[in-house]
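# here is a sequence with its predicted model. Questions after.
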Amino acid sequence: MTDATALTLAEARDALRAKQVSATEITQAFLAAMEKARGLNAYVLETPEQALAMAKASDERLARGEARPLEGLALGIKDLYATKGVRTTAGSNILGNFVPAYESTVTSNLWRDGAVMLGKLNNDEFAMGSSNETSAFGNVVSPWRRQGSNTPLVPGGSSGGSAAAVAARLCLGATATDTGGSIRQPAAFTGTVGIKPTYGRCSRWGIVAFASSLDQAGPIARTVRDNAILLRSMAGPDAKDTTCVDLPVPDYEAAVGRSIKGMRIGIPKEYRVDGMPAEIEALWEKGAKWLRDAGAEIVEVSLPHTKYALPAYYIVAPAEASSNLARYDGVRYGLRVPGKDIVDLYEKTRAQGFGKEVRRRIMIGTYVLSAGYYDAYYVRAQKIRTLIKKDFEDVYAAGVDAILTPATPSAAFGIGEKGGADPVEMYLNDVFTVTVNMAGLPGIAVPAGFSSEGLPLGLQLIGRAFDEETLFSVAEVIEQAAGRVDLPQAWWA
Ligand code: GLN
């Protein structure tokens, strides 16, 4: 085996079972690659000792013929997931050196199935952002560059560390979270695949909360199949999260490669937004053609409340964040900045502990929830949310199986290029993804081509609630038609 880091997760699984490589060899190859790639800032914590111990245990099980579904597969974990005995920061100074005494349900499920933890991945602070520039650890640098340019690019966010690590071959797959696009947008920016499952599919227990009615866990990996394999282990009922559904988890991998003949794929006309670059429009058309060629029927559909989704999201999400983040007060855990009395301690801790974007969200959230403004903003945003959900329900009731849209309105941009003067410029990145969270539906981003500057571009498929299987089948058709993404040259190593 020459380079274990070049394998997809499925290939690594098969090579391990065929004894062509050991879990220890795979883990060592990734640890060495991570060391060389520190300049990308994808990992905020490497856990080599833990990784090698887990790999050794996997090798013993493999030798005994007792391999579990993810036996020996080396993963990176977004730093929003609580990992027992391993520092968890959510990319924020306010959590300081917080070391959880418990493990999140999703990561527990991964370890139960034999996966190996390489370390914790960088993310926007409390998952608020679209570029990984709000992290207290500093921005992640995308492994991608524009043709003929050295300008450092963002990997997207908030799961930018996860996407960059997968694209730069620093893990076989990664966990991520998505509140308004944080799995799909970074996947699209880095030529990787990411699925946000249906709200309720994965437990959020032990994942640092941002906006609880929108947050979902999901994977980012190199291929559709790898996503299917990971989601099967991550998903499942959990008595510790009452929003997590008590439904059996299908064999998602079996859906990869299934025919899409006769499926109806909707193209929502409202996603043709003003100022959308011609190359995004062309990519979308190409995607529709691939699906038609594979036997699907393409139909135009209407989601009339789409234009209200982004403003409504930026009321609902900050409102919930302001409530969720009230717990960081310097008393129970994380950073504590002493003050002359308890109120002074709270104020100093929160002022120093939270970064600028998080403070902005807390202020917006507190404002829209305050007496006098609650009806004008929060209640109205919730009503819009109901209408957005109904738009999707109407389309699916009319017999549409999945909806095809661009994943992002542009390719990746340069670090520092967006949102400096006007945060809305950054928020506009989520225009195609927030609707899906507002409606609680599953969405997958899959690479479909390249921009004129040589950067990856992705398409998004939106499915019916709890029908991730259709997304895996349709996304794989796009993946096959687009051809395997050639990973970027390792200029960082
Ligand atoms: N970019 C969006 C935001 O900043 C979504 C983030 C996310 O999905 N966690 O809120």
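Received, thanks.

# over to T386. Which of the three states is it?
Of the three states, T386 takes helix under DSSP: H, G, I helix; E, B strand; the rest coil.

# how close does it get to D274?
Going from T386 to D274 by Cβ to Cβ, to the nearest Å gives 26 Å. No exception for glycine: its C-beta is placed from N, CA and C like everyone else's.

# which of these two has more residues huddled nearby?
Taking other Cβ atoms under 10 Å, T386 and D274 do not tie; T386 has more neighbours (12 against 4).

# wait, a strand at L459?
Yes - according to three-state DSSP, the state of L459 is that of a strand.

# the helices in the stretch 1-150 of the chain, which residues?
9-17, 23-36, 48-63, 105-112 (DSSP state H, counting those that start in this stretch).

# what's the closest of those helices to the ligand?
helix 105-112 (15.3 Å; Cβ to the nearest ligand atom).

# what packs against the closest one?
Helices and strands touching helix 105-112, by 3 or more Cβ pairs under 8 Å, 6 or more residues apart in numbering; DSSP states H and E, are strand 173-178, helix 224-234.

# next up, the contacts around Y43.
By Cβ atoms under 8 Å, 6 or more residues apart in numbering, the residues touching Y43 are 34, 76, 118-122, 161, 165, 170.

# can you get me a residue count around K289?
Neighbour count for K289, taken as other Cβ under 10 Å: 12.

# please apply the same query to G65.
Count around G65 with other Cβ under 10 Å applied: 7.

# distance of it from A74?
G65 sits at a distance of 21 Å from A74 (criterion: Cβ to Cβ).

# quick check: G156 touching S130?
Yes - assessed by Cβ atoms under 8 Å, G156 is found in contact with S130 at 6.4 Å.

# okay, now D467: neighbour count?
Counted with other Cβ under 10 Å, residues neighbouring D467 total 17.

# now it. Nearest residue, chain neighbours left out?
Among residues not flanking D467 along the chain, P442 sits closest, at 6.9 Å (Cβ to Cβ, 6 or more residues apart in numbering).

# surely that neighbour meets G194?
No - contact between P442 and G194 fails when scored by Cβ under 8 Å: they sit 11.5 Å apart.

# have a look at the two and say which one is more surrounded.
Neighbours per residue (other Cβ under 10 Å) separate P442 from G194, with G194 holding more: 33 against 28.

# in the sheet, who's paired with the more buried one?
G194 has the following beta-bridge partners by DSSP bridges: I220, A445.

# enumerate every residue touching it.
G194 touches 159, 163, 176, 178, 183-184, 186-187, 218-221, 227, 444-445, counting by Cβ under 8 Å, 6+ apart.

# one more pass at 10 Å, please.
Applying Cβ atoms under 10 Å, 6 or more residues apart in numbering, we find G194 in contact with 156, 159, 162-163, 166, 174, 176, 178, 181-188, 218-221, 227, 407, 443-446, 458, 460.

# what about the ligand: which of these touch it?
178, 181-182 (Cβ under 6 Å from any ligand atom).

# out of those, grab the one that's most surrounded.
S182 leads the ones next to the ligand among the contacts of G194 on contacts (other Cβ under 10 Å) with 37 neighbours.

# and the helices in the stretch 351-493 of the chain, which stretches?
356-369, 380-397, 423-427, 434-439, 468-482.

# grab the most central residue of the chain for me.
Residue closest to the average C-alpha location in the chain (Cα atoms, centre = their mean): I183, at 1.9 Å.

# nearest residue to that residue in space, please, no chain neighbours.
Nearest non-adjacent residue to I183, counting by Cβ to Cβ, 6+ apart: G194, 4.0 Å away.

# likewise L80?
In space, L80 is closest to V208, 4.7 Å off (Cβ to Cβ, 6+ apart).

# how many other residues sit next to the one you found?
Close neighbours of V208, defined as other Cβ under 10 Å, add up to 27.

# isn't it right up against L95?
Yes - between V208 and L95 there is a contact under Cβ atoms under 10 Å: 7.9 Å.

# can you pull the residues that touch both of the two?
Applying Cβ under 10 Å, 6+ apart, one finds that V208 and L95 are jointly contacted by 79, 88-89, 126, 328.

# what's the closest of the residues you listed to the ligand?
When those are compared against the ligand (criterion: Cβ to the nearest ligand atom), the nearest one is F126, at 8.3 Å.

# rewinding a little: kindly reformat the helices of the stretch 1-150 of the chain as a markdown table containing distance to A255 and mean pLDDT.
Shown next, in a markdown table, are these (distance: least, Cβ to Cβ, whole Å; pLDDT from 0 to 100):
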| stretch | distance to A255 | mean pLDDT |
| --- | --- | --- |
| helix 9-17 | 14 | 98 |
| helix 23-36 | 26 | 98 |
| helix 48-63 | 26 | 98 |
| helix 105-112 | 19 | 98 |
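
# ranking those helices by burial, who's on top?
By mean neighbour count, with neighbours taken as mean count of other Cβ atoms under 10 Å, helix 105-112 ranks first of these at a mean of 22.

# my guess is A282 contacts F450, does it?
No - if you go by Cβ under 10 Å, A282 and F450 don't touch, sitting 11.3 Å apart.

# which one's more surrounded, those two?
Using other Cβ under 10 Å as the criterion, A282 and F450 rank with F450 on top: 19 against 12.

# so how far is W290 from V273?
V273 sits at a distance of 22 Å from W290 (criterion: Cβ to Cβ).

# those two: who's more crowded?
Taking neighbours as other Cβ under 10 Å, V273 and W290 compare with W290 leading, 20 against 14.

# grab the nearest non-local neighbour of the more buried one.
In this structure, W290 finds its nearest non-sequential neighbour in A481, 3.9 Å apart by Cβ to Cβ, 6+ apart.

# show me what from the stretch 201-350 of the chain comes close to the ligand.
210, 317.

# show the contacting residues for whatever residue of the stretch 251-400 of the chain ends up closest to the ligand.
Among all residues of the stretch 251-400 of the chain, A317 sits closest to the ligand, at 5.3 Å; criterion: Cβ to the nearest ligand atom. By Cβ under 10 Å, 6+ apart, the contact list for A317 reads 127-128, 179-180, 210-211, 213-215, 361, 364-365, 381, 430, 434, 437-438.

# hey, which helix or strand in the chain has the poorest pLDDT?
Least confident helix or strand of the chain, by mean pLDDT, DSSP states H and E, is helix 423-427 with a mean of 92.

# hmm, it in reach of the ligand?
No - judged by Cβ under 6 Å from any ligand atom, helix 423-427 stays clear of the ligand, getting no closer than 6.8 Å.
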